[in-house]
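**Student:** Got a predicted model here, sequence first, then my questions.
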Amino acid sequence: MPRCFLRSIVRRLCGLAIAAVCAGAVAQSAPPAPLDAGLREQVVMVPKGSGMLSTSLETTFFRPPGQGPFPIVVINHGKQHGNPRFQARARYEPAVRTFLSRGYMVVIPMRQGFSQSTGAYIGGGCNTEGNGLAQAEDVQAVLAYLRTVPDADNSRIVVAGQSHGGLTTMALSSLPPAQGVKGYINFAGGLNNDNCVNWEGALAGAMGAYGKTARLPSLWFYGSNDSYWPEALWRDMYARYVAGGAPARLVAYGPFASDAHGMFASRAGLKIWVPEVDKFLAELGLPSQVTIALPGLQHDHAPPAATDAFPVGDAAAIPHVGEAAREGYRKFLATPFPRAFAIAETGAWAYFYDRADAMNAAMERCTRNAQAKGGTCHLYAVDDQIVWPKP
């Protein structure tokens, strides 16, 4: 079945929902995260389409020092459990700093129906291939917008993505590339439609379909203890993609912490992917060396050792606390480093961010909050590491 036909089916299924959701979508979203002036962070609502069903995509720009034009890295975000409307604006600060230090402008679009982006999330039901292609249309809109940005070097572009964003990126690789796109990077890409019959086969089939028309190089990262994709599945996905003639290289890096699915978003994952990505960028003829020292705060003392007791991005996993604390933790995840989140067994909690004494400040505030109920506060998370003891 032609992919253009699949896309039209997805649009028909979701078109009626879009108008109903658009009016209230932004009001229900999470509040915007603070902007980091040191990283020249900026949020732009990028237009997609025109007319009554047009949408605006909440897109974060990070720029290195200087006037540009800068080569570009576009990073496509994953999909958390629950309503995409409540998903916080993606920032991926460890990766952002990595690319900024090499002179890249970093662009992170929130796709339709996520966070402050308008419109409705286009799920595509059990049609995994069509889902990825629908998501890729949002990235195409952002790439088109970049041609209007004066300090963007549209002759040097790399597109990357994590989890659902990785599926989006590989779907994009199957379409005629925008001028200037040189390659694609897939960090644990896929879509877990476990409510669908044979969702694993559908995911592998989608990657196989994308590979039939993809002709630019791609780099793939998957770990052996990924909680979303069994190793047999991601190896099948890769095999089907390259079987269609697509040039790609797989980095199978083994286990990572408690869940390889979070490798890209973690500061600890830098040592795994940065050397491989630098090599890939050099092969594409793009900047691959650190040339810029970025400003940034550091903790005033060493954080506790990471325990990986729970997935760092899962607010529902935090023990002892109520929903207010979980919502606070979701906001905490969108804040800049240095940051710390503290909790007590009696449910007290507090966090601070963007300050050298974030750990002490969070502990002091949590302790004050715990006075009425008692209990002792301990640090739960520091930056992007869980430091709470394992159960």
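**Tutor:** Looks like it came in fine. Residues are numbered from 1 along each chain as shown.

**Student:** quick one: low-confidence parts of this structure?
**Tutor:** 1-34, 124, 295-297 (pLDDT under 70).

**Student:** per-domain residue ranges of it.
**Tutor:** 37-284, 298-390 (the TED database).

**Student:** Turn the ones you listed into TSV, including distance to T291 and mean neighbour count.
**Tutor:** Just so you know, the C-beta spots here come from the backbone N, C-alpha and C atoms, and that holds for glycine as well. TSV is the format used below for these (distance: least, C-beta to C-beta, whole Å; neighbours: other C-beta atoms under 10 Å):
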stretch	distance to T291	mean neighbour count
domain 37-284	6	20
domain 298-390	21	18
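
**Student:** Can you give me the first-to-last residue distance of stretch 258-269?
**Tutor:** End-to-end distance for stretch 258-269, by C-alpha to C-alpha, to the nearest Å: 12 Å.

**Student:** Can we start the residue count at 326 from this point?
**Tutor:** Will do, 326 is the new start, and the previous item becomes stretch 583-594.

**Student:** and I617, which of the domains of the chain is closest to it?
**Tutor:** Between I617 and the domains of the chain, the shortest gap by C-beta to C-beta is with domain 362-609, which sits at 5.0 Å.

**Student:** Between the two ends of the closest one, what distance do you get?
**Tutor:** Terminal-residue distance, domain 362-609 (C-alpha to C-alpha): 31 Å.

**Student:** hmm, who's touching the helix or strand containing A649?
**Tutor:** Assigned by DSSP states H and E, A649 belongs to helix 648-657. The contact list for helix 648-657 (C-beta atoms under 8 Å, 6 or more residues apart in numbering) reads 355-356, 358, 411, 413, 640-641, 643, 664, 666, 668, 672, 674, 676, 678, 706.

**Student:** ok, for the spatially most central residue of the chain, nearest residue in space, not its chain neighbours?
**Tutor:** Taking C-alpha atoms, centre = their mean, the centroid of the chain lies closest to H402, which sits 2.9 Å from it. Closest residue in space to H402, ignoring its immediate chain neighbours: A415 at 3.7 Å, by C-beta to C-beta, 6 or more residues apart in numbering.

**Student:** Would you mind measuring from the one you found to G700?
**Tutor:** 34 Å (C-beta to C-beta, to the nearest Å).

**Student:** do the same with A527
**Tutor:** Applying C-beta to C-beta, the value for A527 to G700 is 47 Å.

**Student:** mind listing the helices in the stretch 426-575 of the chain by residue range?
**Tutor:** Secondary structure of the stretch 426-575 of the chain by DSSP state H, counting those that start in this stretch: the helices cover 453-471, 489-498, 524-536, 556-568.

**Student:** got those as JSON lines, with distance to Y509 columns?
**Tutor:** Output for the helices of the stretch 426-575 of the chain, formatted as JSON lines (distance: least, C-beta to C-beta, whole Å):
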{"stretch": "helix 453-471", "distance to Y509": "11"}
{"stretch": "helix 489-498", "distance to Y509": "5"}
{"stretch": "helix 524-536", "distance to Y509": "10"}
{"stretch": "helix 556-568", "distance to Y509": "11"}
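
**Student:** Relative to F546, which of the ones you listed is closest?
**Tutor:** Closest approach to F546 among the helices of the stretch 426-575 of the chain is made by helix 489-498 (8.6 Å; C-beta to C-beta).

**Student:** any idea of the angle that closest one forms with helix 453-471?
**Tutor:** Orientation check (axes from the mean of the first three to the mean of the last three C-alpha atoms, to 10 degrees): helix 489-498 against helix 453-471 gives 80 degrees.

**Student:** which strands and helices sit next to helix 489-498?
**Tutor:** strand 395-401, helix 453-471, strand 477-487, strand 506-512, helix 524-536, strand 543-547 (3 or more C-beta pairs under 8 Å, 6 or more residues apart in numbering; DSSP states H and E).

**Student:** That helix: how far from the chain's middle?
**Tutor:** Chain-centre distance of helix 489-498: 12 Å, with C-alpha atoms, centre = their mean, to the nearest Å.

**Student:** One more: stretch 636-655?
**Tutor:** Worked out by C-alpha atoms, centre = their mean, stretch 636-655 lies 19 Å from the chain centre.

**Student:** and what of stretch 650-669?
**Tutor:** 17 Å.

**Student:** Send me it as CSV with only the CA atoms.
**Tutor:** Output in CSV follows, covering the C-alpha atoms of stretch 650-669 (Å, rounded to 0.1, in the frame of the first residue of the first chain):
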residue,chain,number,x,y,z
ALA,A,650,5.0,15.9,44.2
ARG,A,651,4.8,13.9,41.0
GLU,A,652,3.6,16.9,39.1
GLY,A,653,6.4,18.9,40.7
TYR,A,654,8.9,16.3,39.6
ARG,A,655,7.7,16.5,36.0
LYS,A,656,8.4,20.3,36.1
PHE,A,657,11.7,19.5,37.7
LEU,A,658,12.7,17.4,34.7
ALA,A,659,12.4,20.4,32.4
THR,A,660,14.6,22.7,34.5
PRO,A,661,18.3,23.4,33.8
PHE,A,662,21.2,22.0,35.7
PRO,A,663,22.5,22.0,38.4
ARG,A,664,19.3,20.7,40.0
ALA,A,665,18.2,18.5,42.9
PHE,A,666,14.9,16.9,44.0
ALA,A,667,14.5,15.8,47.7
ILE,A,668,11.7,13.7,49.3
ALA,A,669,10.8,12.3,52.8
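
**Student:** Cheers, nothing more for now.
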